[in-house]
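Participant: okay, here's the prediction I keep looking at, along with the sequence it came from:
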Amino acid sequence: MATTAATSLGFLLLTGSSLIALHRSRGDAAATSFVVASYASLLLLFHCLRRFEAAPPESEARDRAKAGVWLFTTVLTAMFSWRVAALMPLPVAAGVWLMAASTVLGGFYALFLLPRGN
């Protein structure tokens, strides 16, 4: 019960924050697209996480959900890195992209290449 309430509250806050961001970005197509794409990616990420948690261990459904989790975390990492790097001087932007790439590659290794524990 508490988990459902916390999840609902989280989605309510996410939706409210996205609506406020949409309102503030009126007239700016790039900002509006960023907000919509971020919100959609987060919803899809949470959907894949729920499917991952519900799937039986070692199942094909769990592997597909895991791929979705990695895909949407990668999309979000790239989107936010793009947005932040655009505001930074070149050396700092390069650091942002290096950290983003490290996160994506580390996530891929941890989810798909790292041997599973017994």
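Facilitator: Structure's in. What do you need?

Participant: which stretches of this structure have low pLDDT?
Facilitator: 1-2, 117-118 (pLDDT under 70).

Participant: repeat the analysis, applying 90 as the threshold.
Facilitator: Applying pLDDT under 90 to the chain flags residues 1-8, 10, 27, 57-58, 115-118.

Participant: and the residue nearest the centre of it?
Facilitator: For the chain, the residue nearest the mean C-alpha position is T73 (3.6 Å; CA atoms, centre = their mean).

Participant: what helices and strands are in contact with whichever strand or helix holds that residue?
Facilitator: Using DSSP states H and E, T73 falls within helix 60-85. With contacts defined as 3 or more CB pairs under 8 Å, 6 or more residues apart in numbering; DSSP states H and E, helix 60-85 has these neighbours: helix 29-54, helix 90-108. No exception for glycine: its C-beta is placed from N, CA and C like everyone else's.

Participant: please identify the most buried of those helices.
Facilitator: helix 29-54 (a mean of 15; mean count of other CB atoms under 10 Å).

Participant: between that helix and helix 60-85, how big is the angle?
Facilitator: Orientation note: helix 29-54 sits at an angle of 150 degrees relative to helix 60-85 (axes from the mean of the first three to the mean of the last three CA atoms, to 10 degrees).
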